[in-house]
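J.: Provided below are the primary sequence and the corresponding predicted coordinates.
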Amino acid sequence: MKSLRLATLSVLLLAAFTARAESLVVNGSLNGSIANMDVPTGWTVLAGTPDTVDPTSNVGVSGWLSFGVAPTVSPDGGTWVGLGINGSYIESFGQSLNGLTVGQTYTVSWQAANFGINNQANSYLGSNAIGVMLDGASIGQGSTLSLSSNWSTQSLTFVATSASQLLSFSLASTEKAYLGIDGISVTAGGVAPAVPEPSTWALMAIGLVGMAAMRRRLG
């Protein structure tokens, strides 16, 4: 019976730890160095000048705190990418998804926030949404966000039409705004993967300790 419980616990812990590894996105956490007019490793600037940002470095300028509202740390942690738009000027970035199955439904999920830019010379304080494209064609957009210190979890689904497709992001309307995006994931199926909360990681750690203790007793 103890052996059965140990085997069951091992399977559950393995599933929990591998759930986040199923994403087809490279560096979906957008972790990288603070950068004005550049994006983290694994991603490519496709239009304009997106930035790599954190709560103390708006538009990728270290120590520049000219946010429209007080920023908060992304649920995914680390840095994120800032995307702006002003009429015909648009910023976009993306990466190629490989290993897709034609006809398979996939879920793309992300975290979004609208902290804006509050600069007397050139402020970006409008409401907007994150638009999502495959091979340059829109597949939808997230919820429209007004200025807020909160992050929003968003997702949509698409059906793959090729084994490799270019996934890209930009703001959805032409209203002058500057939004952040982080925690990008693409997984097979129609349900967005859950991001483990700190309490979940703690529970898994306790489970691992319990497994080790059980192994010692059984040995």
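T.: Happy to help now that I have it. Keep in mind the model is a prediction, meaning the values are calculated, not measured.
J.: Span of stretch 163-177 from start to end?
T.: Distance across stretch 163-177, first residue to last, is 34 Å (Cα to Cα, to the nearest Å).
J.: Using neighbour counts, pick out the buried residues of it.
T.: By neighbour count, with 16 or more other Cβ atoms under 10 Å as the criterion, the buried positions of stretch 163-177 are 165-172, 175-177. Glycine gets a C-beta too; all of them are placed from N, C-alpha and C.
J.: now swap in stretch 150-162 and tell me
T.: 151-152, 154-156, 158, 160.
J.: if we look at that stretch, which residues are touching it?
T.: With Cβ atoms under 8 Å, 6 or more residues apart in numbering as the test, stretch 150-162 has contacts from 72, 74-75, 100-113, 130, 132, 134-135, 139-143, 145, 182, 190, 192, 195.
J.: residue ranges for the helices of the chain, please.
T.: For the chain, the helices defined by DSSP state H cover 2-18, 198-218.
J.: Now, the contacts of stretch 150-162 that are in strands?
T.: 105-113, 130, 132, 134, 139-141, 182 (DSSP state E).
J.: neighbour-wise, which of the residues you listed leads?
T.: Neighbour tally across those (other Cβ atoms under 10 Å): the maximum, 27 neighbours, falls on residue 130.
J.: Spell out which residues sit in contact with the nearest residue to it once chain neighbours are set aside, please.
T.: Of all residues not flanking residue 130 in the chain, residue 142 sits nearest, at 4.5 Å (Cβ to Cβ, 6 or more residues apart in numbering). With contact set as Cβ under 8 Å, 6+ apart, residue 142 has these partners: 110, 112, 129-132, 152, 154, 156, 172.
J.: for residue 101, same thing?
T.: Contact analysis of residue 101 by Cβ under 8 Å, 6+ apart lists 160, 163, 188.
J.: With pLDDT and distance to residue 67 added, can I get those residues in JSON lines?
T.: Shown next, in JSON lines, are those (pLDDT from 0 to 100; distance: Cβ to Cβ, whole Å):
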{"residue": "160", "pLDDT": "98", "distance to residue 67": "37"}
{"residue": "163", "pLDDT": "98", "distance to residue 67": "40"}
{"residue": "188", "pLDDT": "97", "distance to residue 67": "36"}
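J.: just checking, which of those residues belong to strands?
T.: Mapping those onto strands (DSSP E) picks out residue 188.
J.: For residue 23, state which of the contacts of residue 101 is nearest.
T.: The closest of the contacts of residue 101 to residue 23 turns out to be residue 188 (Cβ to Cβ; 9.8 Å).
J.: Residue 106 is in contact with that closest one, correct?
T.: Yes - under the criterion of Cβ atoms under 8 Å, residue 188 makes contact with residue 106 at 5.7 Å.
J.: pLDDT value on the nearest residue to residue 132 once chain neighbours are set aside, please?
T.: Nearest non-adjacent residue to residue 132, counting by Cβ to Cβ, 6+ apart: residue 139, 5.4 Å away. We have a pLDDT of 98 for residue 139.
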